[in-house]
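Student: below is the structure, and that's it, no one-letter string:
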DNA sequence: CAGTTGATCCAA
DNA sequence: TGGATCAACTGC
């Protein structure tokens, strides 16, 4: 069952925590690839020096962030990897949550092919299947083609994981500083990264 | 550990 | 228009 669109709207830190444990699904050629979210980072709009939209910077790339919540903000980093974010704030406020890691769920063979070009992968490769923002996009085949898609779409969306099977039954949620934002001055230390403590698919 | 890689951004 | 920068990842 899909979440309603207003589930993505709210204080971005709350949304970042709320996403943990739920299922991200991408339907590729009619087949589902999915994983449970185990790590997120919040990027809080104009006041956050780590955010692409810091200072209200509004360009072709960041335009999606100024739109309504529950849509996909995707960008290319280091010329080779994609990162997937969900917009969280009302129209006009450019905030979002970066999905940093998943526990593989459905379509694992397709994800293995996308990542390593084969379906029989080693234990080590399995551990690396979706344990980082670039890795999970490669595995789920998320590219710029999905930019701007609504989480109400039938292609890319989130599903509710019930309490009984939710990862929070087995793991504690922890906060810490965000990764890879050394340029962000005072924002470097903000504890806006959220993850399940000790979960094997959290990025390192 | 260094090399990769190209879109994006802003200063000229 | 050019050069710096970058919400990573890979393979030595």
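Tutor: It's in. Note that this is a predicted model, so its numbers are computed, not measured.
Student: and stretch A:171-191, which residues are buried?
Tutor: For stretch A:171-191, the neighbour count (16 or more other C-beta atoms under 10 Å) marks A:171, A:178, A:181, A:184, A:187, A:190 as buried. Heads up, the C-betas are built off the backbone N, CA and C, glycines and all.
Student: swap in stretch A:197-204?
Tutor: The neighbour-count check on stretch A:197-204 (16+ other C-beta under 10 Å) flags A:199, A:201, A:202, A:203 as buried.
Student: what's the distance between the residue lying closest to residue A:140 once chain neighbours are set aside and DNA strand C?
Tutor: Sequence neighbours aside, residue A:26 is the residue nearest to residue A:140 in space, at 4.4 Å (criterion: C-beta to C-beta, 6 or more residues apart in numbering). Residue A:26 sits at a distance of 16 Å from DNA strand C (criterion: C-beta to the nearest atom of the strand, to the nearest Å).
Student: surely residue A:26 and residue A:74 touch.
Tutor: No. The criterion here is C-beta atoms under 8 Å, and residue A:26 misses it with residue A:74 at 11.6 Å.
Student: joint contacts of those two?
Tutor: A:142, A:146 (C-beta atoms under 8 Å, 6 or more residues apart in numbering).
Student: of these two, who's got more company?
Tutor: Neighbours of residue A:26 and residue A:74, each counted by other C-beta atoms under 10 Å, are more numerous for residue A:26; the result is 24 against 20.
Student: give me the pLDDT for the residue of chain A positioned farthest from its centre.
Tutor: In terms of distance from the mean C-alpha position of chain A, residue A:120 ranks first, at 26.0 Å (C-alpha atoms, centre = their mean). At residue A:120, the pLDDT value in this model is 96.
Student: residues in contact with it?
Tutor: Residue A:120 is in contact with residue A:112, counting by C-beta under 8 Å, 6+ apart.
Student: measure it to DNA strand B for me?
Tutor: Relative to DNA strand B, and taking C-beta to the nearest atom of the strand, residue A:120 is found at 25 Å.
Student: kindly report the same for residue A:44.
Tutor: For residue A:44, the distance to DNA strand B (C-beta to the nearest atom of the strand) stands at 18 Å.
Student: does the lengthiest strand in chain A come close to DNA strand C?
Tutor: In terms of residue count, the longest strand belonging to chain A (DSSP state E) is strand A:31-43. Yes. Contact of strand A:31-43 with DNA strand C (C-beta under 7 Å from any atom of the strand) involves A:41, A:43.
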